[in-house]
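Asks: Structure for this input, please:
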Amino acid sequence: MNKEQEILAAALKLFVEFGFHGTPTSKIAKEAGVANGTLFHYFKTKEDLIVGLYNHIKDDLNRHLSETQKEKDSLKDKMKNLYTASLQWGLVHKPEFYFIQQFHFSPHLAKVSPEDIERQTRLHLQLLREGVTGEIFKPFPEQLISSTLGGHVYGVYQYLLNTELTQQKQDEIIGQTFELLWDMLTK
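Replies: Have a look, this model is predicted:
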């Protein structure tokens, strides 16, 4: 692992445990085993580190989600694959998923560049637009549909995380809750 990756790993661990305000950069540097100056060589400010970590995690998640997509699949299958893969990724990458949630409810979200947001949401928006323009979805604004999807994923994730279930039961719940979501959004 290189120094930048060590800093990101330490930052993730500490931000999840202590929050953004409760984690000084000196603590991150110490956890990463680097000098403060080294941390600031890679990230000019603490906010740059927070946003950089978010972009790093979102890029990893989006690479994973892109691998689930098959051009020949129906919109429903593409969305189900995206939904399922998001939840399964979150259950394997708990600190990263928690950090994404933490970040979304922070003022740091406003610091993500428009280019990064476009790249991170491209796959989701492409599917949403296909559903809207194809008149598959009820006539809701894309932003409302997107917010509904995100809230649904976070809610189901919390349920799966806090309930002891077999893998088979988790898979059943993911499938059932996707159908619930699909029925709610489609005509």
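Asks: the helices in the chain, which residues?
Replies: Listed in chain order, the helices of the chain (DSSP state H) span 3-18, 25-32, 36-42, 46-66, 75-92, 94-104, 114-133, 142-162, 167-185.
Asks: Counting neighbours, which bits of the first one end up buried?
Replies: What it means is helix 3-18. Buried residues in helix 3-18, counted by 16 or more other C-beta atoms under 10 Å: 4, 6, 7, 8, 9, 10, 11, 12, 13, 14, 15, 16. All C-beta atoms are positioned from the backbone trio N, CA, C, and that covers glycine.
Asks: Repeat that for the fifth one.
Replies: Buried positions in helix 75-92, judged by neighbour count with 16+ other C-beta under 10 Å: 75, 78-90.
Asks: So which elements touch that helix?
Replies: Judged by 3 or more C-beta pairs under 8 Å, 6 or more residues apart in numbering; DSSP states H and E, helix 75-92 is in contact with helix 46-66, helix 94-104, helix 114-133, helix 142-162, helix 167-185.
Asks: ok, the residue lying closest to residue 26 once chain neighbours are set aside - how many residues close by?
Replies: Excluding the flanking residues, the one nearest residue 26 by C-beta to C-beta, 6 or more residues apart in numbering is residue 36, at 5.9 Å. The local packing of residue 36 (other C-beta atoms under 10 Å) involves 13 other residues.
Asks: quick check: mean pLDDT across stretch 63-72?
Replies: When pLDDT is averaged along stretch 63-72, the result is 94.
Asks: The buried residues of helix 75-92: which two are farthest apart?
Replies: 75 and 90 (22.6 Å; C-beta to C-beta).
Asks: Break this protein down into its structural domains.
Replies: Following automatic domain parsing, the chain resolves into domains at 1-44, 46-185.
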